[in-house]
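> need a structure here:
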Amino acid sequence: MTTHDFVRELAEKASHVTTVTVGAIGSVYSLFTENPIGFICAAVAVGSFVVNWYYSHRRLQILKAQQRDPNCKG
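I've put the predicted structure just below:
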């Protein structure tokens, strides 16, 4: 595993934890107040989940293509 791969995987894991944490804190906060911050945090959490899912899906497609053809650049 190269340093670049390690940093990329670390960033992916950190973004997931950050997304879940912000969504949870924002949702709990919105239960105790009557402002739209909770909805904004929930939207950010859902949006981050969708973006993470998309790029993970693309990464898996590229890896599968590279396994079939080692000369493939993605």
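> From the contact counts, what lies against the longest helix along the chain?
Taking DSSP state H as the criterion, the chain has its longest helix at helix 37-68. For helix 37-68, the elements it packs on are helix 3-32, judged by 3 or more Cβ pairs under 8 Å, 6 or more residues apart in numbering; DSSP states H and E. For the C-beta atoms, the positions are set from N, CA and C on the backbone; glycine is no exception.
> quick one: low-confidence parts of this protein?
The model of the chain has pLDDT under 70 over residues 1, 4, 31-32, 34-35, 38, 70-74.
> Pick out the residue closest to the middle of it.
Centre of the chain computed as the mean C-alpha position; nearest residue by Cα atoms, centre = their mean is N52, 3.1 Å away.
> Contact partners for it?
Counting by Cβ atoms under 8 Å, 6 or more residues apart in numbering, N52 touches 12, 15-16, 19.
> can you rerun that using 7 Å?
Listed by Cβ atoms under 7 Å, 6 or more residues apart in numbering, the contact partners of N52 are 15-16.
> okay, the angle between the longest helix of the chain and helix 3-32?
160 degrees (axes from the mean of the first three to the mean of the last three Cα atoms, to 10 degrees).
> State the distance from L10 to R58.
To R58, L10 is 19 Å away according to Cβ to Cβ, to the nearest Å.
> do the same with I37
I37 sits 32 Å away from R58, taking Cβ to Cβ as the criterion.
> What residues of stretch 41-59 count as buried?
By neighbour count on 16 or more other Cβ atoms under 10 Å, the buried set for stretch 41-59 is 41-42, 45, 48.
> quick one: which of those is nearest A65?
Distance to A65 across the buried residues of stretch 41-59 (Cβ to Cβ) is lowest for S48, with 26.1 Å.
> Tell me if I'm right that that closest one and V17 touch.
No - using Cβ atoms under 7 Å, S48 is not in contact with V17, being 10.9 Å away.
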